[in-house]
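> make a model of this:
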Amino acid sequence: MPDDRSAETDTSRHSIIPRKVRALIRSDETSLALLAAVIGAIAGLCVAGMVFVIQWVHHVLFAVEGHEVSGAEFVEPLRAFFVPALGGILVGLLAFIHQRRKTLQIIDPVEANALYGGRMPIRGSLFLVLQTMVSNGVGGSIGMEAGYTQIGSALASKIGKLFHVRRNDLRTLVGCGAAGAIAAAFDAPLTGAFYAFELIISTYSIGMLAPVVVAAISAFGVMKLVMPLPSFQVGFAGALSLSDYTLVFFMAFLSSLVAIAMMMTVTFMERLFAASRLPVWARPVVGGICVGAMALVTPAVLSSGHSALHVGFGAYYTAPFLLLLIVLKILASATSIASGFRGGLFFASLFLGAMLGKLVAIGWMLAFGLQIPAMVVAIIGMCAMATAVLGAPLTMSFLALETTGSLPLTAAVLAAAVVSSLTARRVFGYSFATWRFHLRGESIRSAADVGWVRELSVGRMMRKDVRTVLVDTPLERVRRDFPLGATQRVIVTDYDGRYCGMVFVPDLHRDDGEVAESLSDLLRFTETMLTPDQNVRQAIDLFEKAECDALAVVENRSSMRVLGLLTEQHALRRYSEELDRRANETNR
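Coordinates of the predicted model:
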């Protein structure tokens, strides 16, 4: 792992920020909070600009006024079908460019904080924002929240690197950018702050509280001044009885199952597109045609569903239409993501959960009678399903609080969020973001900083000053060169320096009636070795599996050239030291 201090020394010579200012930000919590306020304001401006552009694009392409297309009562059939279909060509072109530009790396905030200490490439982030806006603008059934958090976090990362903040502070600033983006998009600063704590930073400490909350409030204020959006404010002054919690828990359980079905549908559709062997650029065209066909039934399946959620809260829908709307939205979102449209499922999950809540309210009323408004059930379903998709129960509980201002309802939403989260983790095991990482082969379960584990590699920990012997060296000579007590083990190679195995020195001098004729008769761990690119956890796992306390390190499994030796004791000590160091940085 690179030494932070040496890296800072090298980069500080070329910084445009004066050294005194950088030192103040690094040493003073108030200054860091002020920097977070600036980041929040920038995130709020970015969200406002993106919302304005999307609304204008929807006005031009779909001929709707004042809102996104999903809330429109009617969209001309030709526009509903052909805009997503033809828009898929542009989405496919962007996918083709990204495929050809191997250096255009895209890292989302969760991955950046988990693996890269908060470092996000700005060019790749801007490209992702462009893809998200184009996908949403042409009617792809995905949300803009991925684009909002990407631009907010990427700019925060860039600013943090300009000030050369510490690794842990950079991760916090990335969370500040995401907090500001969500606070501005949802008109909910507490929701934005806890979105950052639960999803982007994946931990909470007193030192992180001030900058994250300040960033969320700053973005919220900027959005109010620049481009106030319709809020989700829903009045509810009543209370929920204990008997109502039966419905709450049923709603939470059902919402989590539907959320799991949606995530599995995305995976199924991706495999379907992969099996079709269509080129990457052609898949969005097919996906756009499918979404356009569903939009002929109802325009609510288009775009993120932001306006459709506002309309759906107050509209009267029959049970068959609600069921049809839920099925179509799941299929449209899964098809959009699987075919190459860029975006997230956050807002889709809110919309689906609310519609599922209204559907359950109708059924519950007919079966048992309903003592609470159907709107309350819709809010519980909305937050429960989003919790299953995001894995953020406190975030959704604060969204309910900021939406309704009702503490009794917030308590019910928190209970539902906990049940939904536990069900999703027990049945499925992942949130949508971590499921996507799992499919890519990444072992990321949250944004907790595990990047240092990769940086603490075998190559950095191994000893290079190891003695080796040739495999055909006579035993008497080896015994003479390695007497008892001189060392514990000897690495054996051939004439090309290729690893053959290890010999324990006590085995060389053993006198128990078993006579070895050559050195090769004493070789151990001939098929077990480490490579310099393996991380400390992989090394420790291999030590346990092989039941040994030291292993040879080879260049790779093709050349088998010996580079050094790593002991289990040293690996465990370095791992423990880094764990303590990271814990101290987080809790400072």
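> wait, is residue 492 part of a helix?
No - note on residue 492: no helix contains this position according to DSSP: H, G, I helix; E, B strand; the rest coil, which reports strand.
> hmm, it is touching residue 521, no?
No - here residue 492 lies out of contact with residue 521, judged by CB atoms under 8 Å, at a distance of 11.3 Å. (Glycine included, C-beta is placed from N, CA and C.)
> more neighbours, the two?
Neighbours were tallied for residue 492 and for residue 521 using other CB atoms under 10 Å; the higher tally belongs to residue 492 (25 against 12).
> what's the closest non-adjacent residue to that one?
By the measure of CB to CB, 6 or more residues apart in numbering, the closest residue to residue 492 outside its immediate chain neighbours is residue 500, 4.5 Å from it.
> so that neighbour, which state does it fall into?
In terms of secondary structure, residue 500 is strand; the call rests on three-state DSSP.
> residues touching it, list them.
471, 492-494, 520, 523, 526 (CB atoms under 8 Å, 6 or more residues apart in numbering).
> how about residue 92?
Residues in contact with residue 92 (CB under 8 Å, 6+ apart) are 280-285, 340.
> check residue 149 too.
Residue 149 makes contacts with 108-109, 177-178, 181-182, 200, as judged by CB under 8 Å, 6+ apart.
> now with 10 Å?
Remark: with contacts taken as CB atoms under 10 Å, 6 or more residues apart in numbering, residue 149 is in contact with 43, 47, 108-110, 174-175, 177-182, 185, 192, 195-196, 199-200, 344, 346.
> among those residues, which ones are in strands?
When DSSP state E defines the strands, the subset of the contacts of residue 149 inside them is empty.
> in helices, which of these fall?
Of those, the ones assigned to helices by DSSP state H are 43, 47, 109-110, 174-175, 177-182, 185, 192, 195, 346.
> tell me the two of the residues you listed that are most distant?
Put simply, by CB to CB the two of the ones in helices among the contacts of residue 149 set farthest apart are 47 and 110, 18.8 Å from each other.
> and those two? Which one has more around it.
Set residue 47 next to residue 110 and count neighbours by other CB under 10 Å: residue 47 wins out with 30 against 25.
> what's the pLDDT at the more buried one?
For residue 47, the pLDDT comes out at 95.
> dump the residue contacts of the spatially closest residue to it that is not a sequence neighbour.
If you skip the residues right next to it in sequence, residue 47 has residue 184 as its closest partner in space, 4.1 Å away by CB to CB, 6+ apart. Neighbouring residues of residue 184 by CB under 10 Å, 6+ apart: 40-41, 43-48, 50-51, 148, 152, 192, 216, 218-224, 226-227, 229.
> what ranges does the stretch 201-350 of the chain have for its helices?
Under the criterion DSSP state H, counting those that start in this stretch, helices of the stretch 201-350 of the chain are mapped to 206-226, 244-276, 283-295, 306-314, 319-339, 346-367.
> just put those in TSV and tack on distance to residue 558 and mean neighbour count.
Formatted as TSV, these follow (distance: least, CB to CB, whole Å; neighbours: other CB atoms under 10 Å):
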stretch	distance to residue 558	mean neighbour count
helix 206-226	45	22
helix 244-276	30	19
helix 283-295	36	25
helix 306-314	53	20
helix 319-339	37	21
helix 346-367	45	23
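> closest one to residue 422 among those helices?
Shortest separation from residue 422 across the helices of the stretch 201-350 of the chain is recorded for helix 244-276, at 8.4 Å, computed as CB to CB.
> and that closest one, how far out from the chain's middle?
Remark: helix 244-276 is offset 18 Å from the chain centroid, using CA atoms, centre = their mean, to the nearest Å.
> same check on stretch 322-331?
Taking mean C-alpha positions (CA atoms, centre = their mean), stretch 322-331 and its chain are 26 Å apart.
> pick out the residue nearest the middle of this structure.
Per CA atoms, centre = their mean, the C-alpha nearest to the average position across the chain is that of residue 110, at 3.8 Å.
> distance-wise, check that residue relative to residue 202.
Look at residue 110 and residue 202: by CB to CB, to the nearest Å, they are 8 Å apart.
> got it, and residue 167?
Looking at residue 167 against residue 202, where the rule is CB to CB, the gap reads 14 Å.
> the residue nearest to residue 190 when sequence neighbours are not counted: what secondary structure?
Closest residue in space to residue 190, ignoring its immediate chain neighbours: residue 398 at 4.2 Å, by CB to CB, 6+ apart. Classification of residue 398 using three-state DSSP returns helix.
> do I have it right that residue 398 meets residue 407?
No - under the contact definition of CB atoms under 10 Å, residue 398 does not touch residue 407, with a separation of 11.9 Å.
> between these two, tell me which one has more neighbours.
residue 398 (23 against 11).
> got a list of what residue 490 touches?
When contacts are counted by CB under 10 Å, 6+ apart, residue 490 touches 466-469, 473, 478, 481-482, 501-505, 507-508, 519, 522.
> picking that back up, which of the helices of the stretch 201-350 of the chain has the lowest mean pLDDT?
Looking over the helices of the stretch 201-350 of the chain, mean pLDDT reaches its minimum on helix 306-314, with a mean of 84.
> packing partners for that one?
Using 3 or more CB pairs under 10 Å, 6 or more residues apart in numbering; DSSP states H and E, the elements in contact with helix 306-314 are helix 29-62, helix 319-339, helix 346-367, helix 374-390.
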